[in-house]
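In: My questions are about this predicted structure, shown below with the sequence.
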Amino acid sequence: MSNSGNNCQRISRRVMLAELALGAAAATAATRALGQQVLAQQKVSQADAKYQGQPKGQQHCENCINFQPPNACKLVDGEVSVNGWCQLYAPKT
């Protein structure tokens, strides 16, 4: 009789661990998807990014990793100039 009691505990423990693992994986996937949606929807205003229509030295939108031709940015809302600049500038590598 003590063996069947141990078997029930093992099955319950296995089921519980499997359910926890599946739940954690689902939660991680949902969080990632939501995070990507939020990032895609939340752009910074040009004023908050301190966007200007002229370059800052050699730094300008066209050579920034966030620039999306012909006149958009992944991070800044609205149209931007290839010769523009903002404080979110990050050079292409």
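Out: Thanks, I have the structure now. Quick caveat: nothing in here was measured; it's all calculated off a predicted structure. Numbers count the residues shown, from 1 in each chain.
In: what's the next secondary structure element after the strand or helix carrying Leu17?
Out: Assigned by DSSP states H and E, Leu17 belongs to helix 2-41. Later in the chain than helix 2-41, the nearest helix or strand by DSSP H and E is strand 67-68.
In: quick one: contacts of that following strand?
Out: Contacts to strand 67-68, defined as C-beta atoms under 8 Å, 6 or more residues apart in numbering, come from residues Cys61, Cys73, Lys74, Val80, Val82. From N, CA and C alone the C-beta is placed, and that goes for glycine too.
In: What strands flank it, and is each parallel or antiparallel?
Out: Neighbouring strands of strand 67-68 in its sheet, by DSSP bridges, are strand 72-73 (antiparallel).
In: Give me the contact list for the strand it pairs with.
Out: Residues contacting strand 72-73 (C-beta under 8 Å, 6+ apart): Lys43, Cys61, Cys64, Asn66, Phe67, Glu79, Val80, Cys86, Leu88.
In: Now tabulate those in CSV and tack on distance to Arg14, neighbour count and pLDDT.
Out: CSV is the format used below for these (distance: C-beta to C-beta, whole Å; neighbours: other C-beta atoms under 10 Å; pLDDT from 0 to 100):
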residue, distance to Arg14, neighbour count, pLDDT
Lys43, 47, 16, 91
Cys61, 55, 24, 97
Cys64, 51, 23, 96
Asn66, 47, 17, 95
Phe67, 52, 22, 97
Glu79, 57, 11, 97
Val80, 55, 26, 98
Cys86, 54, 22, 96
Leu88, 49, 16, 94
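In: is it true that Glu79 touches Pro69?
Out: No - the pair Glu79 / Pro69 is not scored as a contact, 11.8 Å apart, by C-beta atoms under 8 Å.
In: Thank you kindly, that will do.
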